[in-house]
Structure formats: structure tokens, C-alpha cells
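Undergrad: For reference, the sequence and a predicted model appear below.
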Amino acid sequence: MTNTRHMLATASWRVGAFFIDGIFGRIISVVVDAGWPDSMLMLGLTLTAYMLLRDAPGASLGKLILGLRVVGEEGGPASFQSRVLRNVPFAFPYALLLIPIVGPLLMLVAAPAVNIAETVNLVSKGRRAGDRMAHTSVVFTRRTVVAG
């Protein structure tokens, strides 16, 4: 029986996908900031939703561009709940924007702290804390290894 397994995505590919996602997030923030009178509240809601739902179709835009996707620990499709849960650490800082007055300041501290912590986890342990929480992995979609 032939079994097809996808190779785990390397940290550098995953960081590249996150960088591309950040470009899309920045575009969203510019559009929201320009179009809403109470832009901080809308920015918080929009970026929190974007971060939570970016992998909802199975891969974020950055992952799609680089040929990556989110799978469950066993290699099968990850559930919708898992694809959302894995991004809670990245969404948390943007949710802080919903707190009046101090929220933006808290976000400026929390966002880099979360990014650094998740990157350290990814590089040192091969998975982010979000992946471990949600029991997910990120794999290459175009590079497969066939084992017999």
C-alpha cells in the first residue's frame, strides 16, 4: 500500500508566509483606518478577525502563495476549529485594540512579544505554541514523499 505524506514546512518558509500575511494585514489596516470614523475600534475588530480566520480555508494567503497548508497532527485535514485556534496567539494583541485608551499601547508591547515567542518556539521546537494548542502542523503542498 502506498502512503503519501507531505513534508513539514521549514521555519524559513513559514516565516516567509507570515511576512506575506503581514503585507495583507497592513493593507487591511490602511483601508480600515482611512474609511471609518472610529478607526481604532474597527481596526481591532478587523485585524482580530483576520488573524483568527486567515487559515480558515486551509491556508492563509501567504501559505497559498508559498505552497503551504495547515493539516492536523496526523497529516489529514485540520478542522475549522483547529485552523482558528492555532491563530489565537497572533490575534490576541489586535484584540487589545478594543480596550479604550490603553489598548493601542498594550498592543504595541504584546504584538512583538507574541511574534518573538512564536518564532522562538517554531525555530527551537519545530512548531509554534498555536500549533501545539490546536494539534496542527504546516506542510508543503507541492513536495511530497511517497513511502511504501
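TA: Looks like it came in fine.
Undergrad: Next, the buried residues of the helix ranked longest in the chain.
TA: Longest helix in the chain by number of residues, with DSSP state H as the criterion: helix 11-35. Of the residues in helix 11-35, those buried under the neighbour-count criterion (16 or more other Cβ atoms under 10 Å) are 11, 13-18, 20-21, 25, 29, 32. No exception for glycine: its C-beta is placed from N, CA and C like everyone else's.
Undergrad: Assess the claim that Trp13 and Phe140 are in contact.
TA: Yes. The pair Trp13 and Phe140 qualifies as a contact (Cβ atoms under 8 Å) at a distance of 7.5 Å.
Undergrad: who touches the longest helix of the chain?
TA: 9, 39, 42-43, 46-47, 50-51, 54, 60-63, 65-66, 68, 119, 122-123, 126, 138, 140 (Cβ atoms under 8 Å, 6 or more residues apart in numbering).
Undergrad: what does stretch 42-55 give?
TA: The contact list for stretch 42-55 (Cβ under 8 Å, 6+ apart) reads 21, 24-25, 28-29, 32-33, 36, 60-61, 63, 70, 83-84, 86-88, 90-91, 94-98, 103.
Undergrad: Can you list the buried residues in that stretch?
TA: 42-48, 50-52, 54-55.
Undergrad: Out of those residues, which is nearest to Gly75?
TA: For Gly75, the nearest member of the buried residues of stretch 42-55 is Asp55. The distance, counting by Cβ to Cβ, is 16.2 Å.
Undergrad: tell me the SS of the closest one?
TA: Three-state assignment for Asp55 (DSSP: H, G, I helix; E, B strand; the rest coil): coil.
Undergrad: May I see the buried residues of helix 11-35 arranged in a markdown table, with pLDDT and distance to Glu74 as well?
TA: As requested, the buried residues of helix 11-35 are arranged in a markdown table below (pLDDT from 0 to 100; distance: Cβ to Cβ, whole Å):
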| residue | pLDDT | distance to Glu74 |
| --- | --- | --- |
| Ala11 | 94 | 22 |
| Trp13 | 94 | 21 |
| Arg14 | 95 | 19 |
| Val15 | 95 | 25 |
| Gly16 | 95 | 26 |
| Ala17 | 96 | 22 |
| Phe18 | 95 | 24 |
| Ile20 | 96 | 27 |
| Asp21 | 96 | 25 |
| Gly25 | 90 | 30 |
| Ser29 | 85 | 36 |
| Val32 | 79 | 38 |
